[in-house]
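Q: Predicted structure and sequence below. I'll ask about it afterward.
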There are 2 protein chains.
Amino acid sequence: MTEPVEISNAELVILNVLWQQAPLLSADIVLQVQQQEDWHEKTIKTLLNRLVKKGALSFEKDGRAYRYSPILAQQDYQQRAGSKLINNLFAGSVAGLVAGFAQQGQLSDQDVAQLKAIIAEWEQQEDSSC
Amino acid sequence: MTEPVEISNAELVILNVLWQQAPLLSADIVLQVQQQEDWHEKTIKTLLNRLVKKGALSFEKDGRAYRYSPILAQQDYQQRAGSKLINNLFAGSVAGLVAGFAQQGQLSDQDVAQLKAIIAEWEQQEDSSC
DNA sequence: GATTTAAGATTACACCTGTAATCAAAAAGA
DNA sequence: TCTTTTTGATTACAGGTGTAATCTTAAATC
């Protein structure tokens, strides 16, 4: 079992960039992040450093520059963070969260279509597992 | 628009107790919390204080003791925290989170039943809204 | 080769958080 | 009334976080 690496909000922005494309030079990461957040280059470098120390990123040298890749897998972190929220705030009920979104009119057509597909597959699996 | 009150993990434990039943004397809150967490009474008092300062709790004096109630509504906070997670980690797709749970075999019968009901209601609303 | 640049490493600093201990005041008991 | 208890208020303190500035070193330029 891996220790649960805690990722801060700012660090998550960096990770999201690298989960989308990796490896990336720090300079490219800076560019990507700055399209989204108004952060100083030094700030982004600090976050890269912290993520490496936390074991969430790895890097290899390319001359003067570093090329970063995620170690922490997106799915793993999604799963951990999702479960934590559901457990702490929705008494463990995923449907509870979805219900909240629905009430707020925040469910898209696409969401509903995907949910139907998920349910269909789940039911099929249920059947075949008996 | 209310300012987005940031609630820490430890503070959330306190809020969960008060969302379930309020108002409550601090002594009772301590008892409730200690059934779940091994925290010193002083720690719990500190958290109550911080929540009051953050505007998440109110209190009224009852002689020597205080009687606390939530100001921050559970639904509001659920909505904010849920949206934040979905946006930051699942590209805004609620279904994405549910899909992750499904893949992990973490969807219960009850979840699926509830999801179906949510979808049914959503579709009915869709129809009647044209 | 000497100097300027530019990359990462180190340091900074205030505020938040977890986790209490101590202080002050009022109530309860002797 | 004096003392003990109990309650909230204040203080503590290390580690995390947001947000960089400064330092160091190696590469690039003159």
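A: Sure thing, it's come through. Computed from a predicted model, the values in this text were never measured in an experiment. Numbers count the residues shown, from 1 in each chain, chains lettered A, B, ... in the order given.
Q: make it CA atoms for all contacts and neighbour counts henceforth
A: Fine.
Q: got the CA coordinates for the helix ranked longest in chain A in PDB?
A: With secondary structure taken from DSSP state H, chain A has its longest helix at helix A:109-128. Listed next in PDB are the C-alpha coordinates belonging to helix A:109-128 (Å, rounded to 0.1, in the frame of the first residue of the first chain):
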ATOM      1  CA  ASP A 109     -27.500  15.600 -21.200                       C
ATOM      2  CA  GLN A 110     -24.100  14.000 -21.500                       C
ATOM      3  CA  ASP A 111     -23.900  13.200 -17.800                       C
ATOM      4  CA  VAL A 112     -27.300  11.500 -18.000                       C
ATOM      5  CA  ALA A 113     -26.300   9.500 -21.100                       C
ATOM      6  CA  GLN A 114     -23.100   8.400 -19.400                       C
ATOM      7  CA  LEU A 115     -24.900   7.500 -16.200                       C
ATOM      8  CA  LYS A 116     -27.300   5.300 -18.100                       C
ATOM      9  CA  ALA A 117     -24.500   3.500 -19.800                       C
ATOM     10  CA  ILE A 118     -22.800   3.000 -16.400                       C
ATOM     11  CA  ILE A 119     -25.900   1.600 -14.900                       C
ATOM     12  CA  ALA A 120     -26.600  -0.700 -17.900                       C
ATOM     13  CA  GLU A 121     -23.100  -2.100 -17.700                       C
ATOM     14  CA  TRP A 122     -23.400  -2.500 -13.900                       C
ATOM     15  CA  GLU A 123     -26.600  -4.500 -14.300                       C
ATOM     16  CA  GLN A 124     -25.100  -6.700 -16.900                       C
ATOM     17  CA  GLN A 125     -22.200  -7.400 -14.700                       C
ATOM     18  CA  GLU A 126     -24.700  -8.200 -11.800                       C
ATOM     19  CA  ASP A 127     -26.500 -10.700 -14.000                       C
ATOM     20  CA  SER A 128     -23.400 -12.500 -15.200                       C
END
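Q: just checking, what packs against it?
A: Using 3 or more Cα pairs under 8 Å, 6 or more residues apart in numbering or on different chains; DSSP states H and E as the contact test, the elements touching helix A:109-128 are helix B:94-103, helix B:109-128.
Q: By mean pLDDT, flag the weakest helix or strand of chain A.
A: Counting by mean pLDDT, DSSP states H and E, chain A has its least confident helix or strand at helix A:109-128, which shows a mean of 92.
Q: list the contacts for the residue lying closest to residue A:114 once chain neighbours are set aside?
A: Distances taken as Cα to Cα, 6 or more residues apart in numbering or on different chains put residue B:95 closest to residue A:114, at 6.1 Å, once the chain neighbours are dropped. The contact partners of residue B:95, taken as Cα atoms under 8 Å, 6 or more residues apart in numbering or on different chains, are A:111-112, A:114-115.
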